[in-house]
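In: need a 3D model of the sequence below.
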Amino acid sequence: MKTKPRRLISMKESICIRCRGTKLLCGKPRCPILVKYYAARKNEGLVNKNVVFGSSPPSLFIGRYGYPKVSIGPMIPPLQGDTSYMDTPELWHDKSIDDIVDFRMKLIRGKHRIHVTNLNDKIAQYTQEIAMAYKPVEIEVEFEKKPVGGIALYDEAQPHGPAARIKKLWLENPKVDRKVEKLYYDEVKARDAILLLYEQNVFVSQIQKAFSAGIFGIEKKFVPTRWSITAVDSTIGEALVKEVKSYPLLDSWLVYYTKSLDNLWVVIMYPSSWEYELIEAWYPNTTWNPLGKKIVMFGDHEFYKGRKTYASIGGCYYAARMAAAEHLRRMRRQAGVVVLREIHPGYIMPVGVWNVRENVRRALKGEARKFDSLKEAMLFVSSILFIPVERWIETSALLQNRIKQARIDDFYEVQNRIE
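Out: This is a model prediction of the structure:
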């Protein structure tokens, strides 16, 4: 008698089956499956039919699968009122992962498939209007079917709830941001539009939404949300770094730090021409090291001339670089920058690149500890982080360079002593 082939069960699946959220065999302090499950149960009564009426934060999502034909559309919670907090990461500093999952799960993603250059489509035009709004927009959507699916998680973008294809879409006249609307009608390059809005203190998250919706550029088109987030961080960061390179060097070693979502962040700035590095250390049982037995550390860096290839660490690299360069511009100083990120098991699921940008910003808003040397700075860093400082130095190209290579300043100091 023939037997049916058995489906191979991965180690991760087998752990979940044996645990069922009660024994925490994965090592996490809370079961991520149950966090998503209870968020879904809490919100399931809000979506029980294929018509949804609510106030979009405003929010939208542009997919990337099948590019250049992608799914576009707004994201709407079945709630009315001020929902702006649901899609403004700049305001999430004191939110827990459970809080973020809870309100992001309420955002229902409407999907309408078009070519990215098809801006004459009615739903495409509505999506662009939503992207230009600065206040929540009243929207009613009739879906082809009742929205389904659990919470969707991404490396770069914020999570969202169930999704469905749009059948019909209505919206009230949105209150648009005139600064953004003007750039839609002006023939301004996308890069210039991004930088202009940034200088006018428009939230980075709002700029990213407008860029994704094809508001900017000579030849306008939709840009997948995940790509737009990194593109905006990278564009702003490059411009800031260029300016920072014109400033005098920092005259001491500075260390900043903060903690959020069971992540520890340390930012080291030191006397040097511009150079930058981000290193992440993922503990076992965290999002990207779920079954590992050891801490995994990796990073990317650039020297004065920058990078020619995309950072292997992904969008986090450009988000942290933007925040660091932003701070140096405020100081009107040039420096080397090393960002260290220690990710502990409490970080049970990814919440988006905003987490990197906003927490590096938050660390840099704190009071800096000032030191005269690398040794003094790293001694202090060792009191903050759990991983021995030697491992960070072993992983860091920039810190090793500072230790092993003689600097021109050291040469002059020796010459002065001889004379």
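In: need the contact partners of the lengthiest helix in the chain.
Out: Scanning the chain for the longest helix, with DSSP state H as the assignment, gives helix 225-244. For helix 225-244, contacts defined as C-beta atoms under 8 Å, 6 or more residues apart in numbering pick out 60-64, 154-157, 191, 194-195, 198, 204, 207-209, 211-212, 223, 274, 276, 306, 314-315, 318-319, 321-322, 325-326, 328-329, 333-334, 352-354, 357. Where C-beta positions appear, they are placed from N, C-alpha and C, glycine not excepted.
In: ditto for stretch 295-309
Out: Residues outside stretch 295-309 that contact it (C-beta under 8 Å, 6+ apart): 238, 241, 245, 273-284, 288-289, 311-313, 317, 387, 391-392, 395-398.
In: give me the domain ranges for this protein.
Out: The chain breaks down by automatic domain parsing into domains covering 11-45, 46-178, 180-244, 253-409.
In: in CSV, list these along with mean neighbour count.
Out: Output for the domains of the chain, formatted as CSV (neighbours: other C-beta atoms under 10 Å):
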stretch, mean neighbour count
domain 11-45, 14
domain 46-178, 19
domain 180-244, 20
domain 253-409, 19
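In: and the residue most central in space within the chain, what is it in contact with?
Out: Residue closest to the average C-alpha location in the chain (C-alpha atoms, centre = their mean): V353, at 1.1 Å. V353 sits next to D155, E156, A157, I229, T230, D233, G314, G315, C316, A319 when contact means C-beta under 8 Å, 6+ apart.
In: tell me where the stretch 251-400 of the chain has strands.
Out: Secondary structure of the stretch 251-400 of the chain (DSSP state E, counting those that start in this stretch): strands located at 253-260, 263-270, 275-282, 296-302, 336-343, 369-371.
In: before we move on, the earlier item: what's the closest of the contacts of V353 to I108?
Out: In terms of C-beta to C-beta, no member of the contacts of V353 lies closer to I108 than A157, at 15.5 Å.
In: confirm that the closest one sits in a strand.
Out: No: with DSSP: H, G, I helix; E, B strand; the rest coil as the criterion, A157 is coil rather than part of a strand.
In: one step back: any idea which of the contacts of V353 is least confident?
Out: Ranked by pLDDT, the contacts of V353 bottom out at D155, which has 68.
In: can you report how many residues lie near L249?
Out: Residues within reach of L249, counting by other C-beta atoms under 10 Å, total 14.
In: how near is it to E302?
Out: From L249 across to E302, the span is 17 Å (C-beta to C-beta, to the nearest Å).
In: quick one: low-confidence parts of the stretch 51-200 of the chain?
Out: Within the stretch 51-200 of the chain, the segments meeting pLDDT under 70 span 150-155.
In: can you redo the strands of the stretch 251-400 of the chain as JSON lines with mean pLDDT and distance to L79?
Out: JSON lines is the format used below for those (pLDDT from 0 to 100; distance: least, C-beta to C-beta, whole Å):
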{"stretch": "strand 253-260", "mean pLDDT": "97", "distance to L79": "26"}
{"stretch": "strand 263-270", "mean pLDDT": "97", "distance to L79": "29"}
{"stretch": "strand 275-282", "mean pLDDT": "96", "distance to L79": "35"}
{"stretch": "strand 296-302", "mean pLDDT": "95", "distance to L79": "40"}
{"stretch": "strand 336-343", "mean pLDDT": "97", "distance to L79": "32"}
{"stretch": "strand 369-371", "mean pLDDT": "97", "distance to L79": "44"}
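In: make JSON lines out of those and add distance to L171.
Out: JSON lines is the format used below for those (distance: least, C-beta to C-beta, whole Å):
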{"stretch": "strand 253-260", "distance to L171": "35"}
{"stretch": "strand 263-270", "distance to L171": "37"}
{"stretch": "strand 275-282", "distance to L171": "40"}
{"stretch": "strand 296-302", "distance to L171": "41"}
{"stretch": "strand 336-343", "distance to L171": "39"}
{"stretch": "strand 369-371", "distance to L171": "50"}
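In: looking at those, which is closest to V70?
Out: V70 lies closest to strand 296-302 among those, at 28.0 Å (C-beta to C-beta).
In: report the distance from the closest one to the chain centre.
Out: Distance of strand 296-302 from its chain centroid, counting by C-alpha atoms, centre = their mean, to the nearest Å, is 17 Å.
In: now do stretch 191-201
Out: Using C-alpha atoms, centre = their mean, the offset of stretch 191-201 from its chain centre is 19 Å.
In: just the CA coordinates of that stretch, formatted as CSV?
Out: As requested, the backbone C-alpha atoms of stretch 191-201 are provided in CSV (Å, rounded to 0.1, in the frame of the first residue of the first chain):
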residue,chain,number,x,y,z
ARG,A,191,15.0,64.6,-5.2
ASP,A,192,14.5,68.4,-5.0
ALA,A,193,10.9,67.9,-3.8
ILE,A,194,11.9,65.6,-1.0
LEU,A,195,14.6,68.0,0.2
LEU,A,196,12.4,71.0,0.0
LEU,A,197,9.7,69.4,2.2
TYR,A,198,12.3,68.2,4.6
GLU,A,199,13.6,71.7,5.0
GLN,A,200,10.1,72.9,5.7
ASN,A,201,9.9,70.5,8.6
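In: name the surrounding residues that touch that stretch.
Out: With C-beta under 8 Å, 6+ apart, stretch 191-201 has contacts from 179-180, 183, 188, 204, 206-207, 210-211, 215-217, 232, 235-236, 239.
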